[in-house]
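Chemist: pasting the sequence and the predicted coordinates here, then a few questions.
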Amino acid sequence: MRVLHVITGLGTGGAEQQLRLLLRHLPAACDVVTLTNPGAVARQLTAEGFRVTHLGMSGNRDLTALPRLTKLIRAGRYDVVHTHLYRACLYGRIAARLAGVRAVVATEHSLGESQMEGRPLTRGVRALYLTGERLGRVTVAVSPAVAARLHQWGVPRQRIHVVANGIDADRFRYDARARAATRRLLGLPDDAFVVGGVGRLVPGKRFDVLLRAVAQLPHEVRLLLVGAGPEEDELRTLARQLRLGDRVRFAGEVCHDRGEGAPGTGHDQDEGSAWAEPSGTGHDQGGTRAQGAAPSGPAAPDLPSLLSAMDVLASPSPEEAFGLALVEGLASGLPVFYADCPAIEALPAQDRGPAVPCASDPDAFARSLYALLTDGVPPRETAAVAHHYSVSRSATRLMHVYERLLTPQT
């Protein structure tokens with residue numbers, strides 16, 4: 001079976017990392033097309049032997065990308081075209097149908113109640129999405145919550161299949177040596193109580209709530225934010241206004257696997273590809289490290305090491321499609337406080353581990369964090385929820401979707 005995955009970009013984001021992890025476990029011959037931004041994940045996929053093509057799309061209305069994508073799909077003789085993220089779902093579905101591929105699958109990674117991938121869900125956005133959705137055969141929802149939202153929009157239930165995001169829990173197992181080394185690298189005291197936040201630095205993640213919560217807590221409480229995005233400057237400004245000083249660390253974009261090191265460069269540039277360096281995080285224009293920035297380069301810690309360095313993971317985002325970072329935190333044995341997490345809420349209470357819901361406001365998070373600081377952090381142990389969301393299980397379910405699409409209807 002030959003499968004082409006079409007995605008909007010391949011920077012270091014949740015959907016991009018999830019695609020990379022799935023490709024390692026899918027028993028199919030898979031290629032990848034990225035419409036824009038062939039960043040860190042594109043380089044990692046290439047290094048792992050996957051063919052990645054950058055379509056060079058210049059913007060949402062670059063219609064010249066459509067015939068190029070159609071030609072590529074037709075030439076590859078793919079059995080299945082699988083699209084990811086809004087722009088890729090729209091252009092990928094159209095191109096697949098023009099190329100004669102009827103087995104078209106789309107995964108909806110980031111559909112909330114009022115936004116999709118950070119953009120407000122206007123009437124026009126919804127209408128365009130539904131028009132494109134009809135050109136496919138199946139829409140995969142990453143959680144029952146996303147499946148319910150799709151059906152509310154008008155997508156027929158029989159076209160929706162739930163394939164939850166998955167993780168490799170062993171990669172996130174707590175590592176005491178990584179904890180000590182990462183704290184030294186970031187300048188975090190061994191006895192500090194470190195609150196972590198993981199995700200894109202965008203308004204919807206509400207990391208300002210964590211800054212305001214930590215400002216209410218004793219000085220030994222530090223905040224470690226992992227991720228990059230357009231709100232970084234505003235968050236740094238707020239940290240200064242709250243006089244948090246050296247109590248906050250911005251780790252920037254990081255690798256998801258131990259032993260990867262920093263993303264390399266130097267891959268061959270095939271025709272139609274143009275490797276773009278990821279935008280720098282945590283550095284001023286003169287090239288010196290900004291205050292509160294984590295190191296970058298080969299010595300930069302990866303996500304499992306950063307999770308090991310934390311004492312608690314907090315997510316004030318009031319609107320999530322899945323909550324992958326929290327599942328990864330539970331795999332690392334962290335207690336987690338969250339405003340919304342469909343991945344956790346879909347499970348029975350006894351299987352959720354040390355996960356506590358919390359209102360998305362600074363006072364509520366401050367109270368919960370202070371209670372944990374006072375009571376003491378429990379011993380680290382991988383929660384059962386992490387094994388429930390095994391990537392091998394997700395890959396098996398996705399293959400079943402592909403096989404059903406390719407089975408002749410009687």
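Modeler: Okay, I see it.

Chemist: state the mean pLDDT of the helix ranked longest in the chain.
Modeler: The residue-count maximum for a helix in the chain (DSSP state H) belongs to helix 391-406. For helix 391-406, mean pLDDT is 95.

Chemist: give me the number of residues near P408?
Modeler: As a burial measure, P408 scores 4 neighbours (other CB atoms under 10 Å). Heads up, the C-betas are built off the backbone N, CA and C, glycines and all.

Chemist: how does this structure divide into domains?
Modeler: Annotated domains of the chain cover 2-166+390-406, 169-388 [automatic domain parsing].

Chemist: quick one, helices of the stretch 301-410 of the chain?
Modeler: 303-309, 324-331, 342-345, 362-375, 384-388, 391-406 (DSSP state H, counting those that start in this stretch).

Chemist: TSV for those, including mean neighbour count?
Modeler: Below are the helices of the stretch 301-410 of the chain laid out as TSV (neighbours: other CB atoms under 10 Å):
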stretch	mean neighbour count
helix 303-309	26
helix 324-331	27
helix 342-345	22
helix 362-375	16
helix 384-388	19
helix 391-406	16
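
Chemist: P230 is nearest to which of these?
Modeler: Shortest distance between P230 and the helices of the stretch 301-410 of the chain, using CB to CB, is found for helix 324-331: 18.5 Å.

Chemist: which strands and helices lie in contact with the closest one?
Modeler: helix 14-25, strand 193-198, helix 303-309, strand 312-315, strand 336-338, helix 342-345, helix 384-388 (3 or more CB pairs under 8 Å, 6 or more residues apart in numbering; DSSP states H and E).

Chemist: looking at the ones you listed, which is nearest to V138?
Modeler: Closest approach to V138 among the helices and strands packed on helix 324-331 is made by helix 14-25 (15.5 Å; CB to CB).

Chemist: which parts of the very next helix or strand once past the closest one are buried?
Modeler: Sequence order places strand 29-34 as the next helix or strand after helix 14-25, per DSSP states H and E. In terms of neighbour count (16 or more other CB atoms under 10 Å), strand 29-34 has its buried residues at C30, D31, V32, V33, T34.

Chemist: helices and strands around strand 29-34, which ones?
Modeler: Packed next to strand 29-34, using 3+ CB pairs under 8 Å, 6+ apart, are strand 2-7, helix 14-25, helix 40-47, strand 51-54, helix 65-76.

Chemist: direction included, what does it pair up with?
Modeler: Here strand 29-34 is paired, per DSSP bridges, with strand 2-7 (parallel), strand 51-54 (parallel).

Chemist: CSV for the ones you listed, including distance to R102, mean neighbour count and mean pLDDT?
Modeler: As requested, the strands paired with strand 29-34 are exported to CSV (distance: least, CB to CB, whole Å; neighbours: other CB atoms under 10 Å; pLDDT from 0 to 100):
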stretch, distance to R102, mean neighbour count, mean pLDDT
strand 2-7, 14, 24, 97
strand 51-54, 22, 20, 97
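
Chemist: which stretch in the domains of the chain has the least confidence?
Modeler: Mean pLDDT across the domains of the chain is lowest at domain 169-388; the value there is a mean of 83.

Chemist: show the end-to-end separation of that one, please.
Modeler: 10 Å (CA to CA, to the nearest Å).

Chemist: so how far is that domain off the chain centroid?
Modeler: 12 Å (CA atoms, centre = their mean, to the nearest Å).

Chemist: likewise stretch 396-403?
Modeler: Mean-position distance between stretch 396-403 and its chain equals 22 Å (CA atoms, centre = their mean).

Chemist: leaving out chain neighbours, which residue sits closest to L186?
Modeler: R249 (5.2 Å; CB to CB, 6 or more residues apart in numbering).

Chemist: can you name every helix or strand that the helix or strand hosting the one you found contacts?
Modeler: For R249, the element it lies in under DSSP H and E is strand 248-252. With contacts defined as 3+ CB pairs under 8 Å, 6+ apart, the packing partners of strand 248-252 are strand 221-226, helix 232-241.

Chemist: repeat that with 6 Å
Modeler: Applying 3 or more CB pairs under 6 Å, 6 or more residues apart in numbering; DSSP states H and E, one finds that strand 248-252 contacts strand 221-226.

Chemist: burial measure for the closest residue to G13 other than its chain neighbours, as a count.
Modeler: Distance criterion CB to CB, 6+ apart; nearest residue to G13, sequence neighbours excluded, is R200 at 6.4 Å. For R200, the tally of surrounding residues (other CB under 10 Å) stands at 23.

Chemist: check the one 4 residues further on too.
Modeler: Taking other CB under 10 Å as the neighbour definition, G204 ends up with a count of 19.

Chemist: repeat for G56
Modeler: Neighbourhood size, G56 [other CB under 10 Å]: 16.

Chemist: how close does it sit to T12?
Modeler: 20 Å (CB to CB, to the nearest Å).

Chemist: check F207 too.
Modeler: Separation of F207 from T12 (CB to CB): 17 Å.

Chemist: more crowded one of those two?
Modeler: Just comparing F207 and T12: by other CB under 10 Å the higher neighbour count belongs to F207, 28 against 22.
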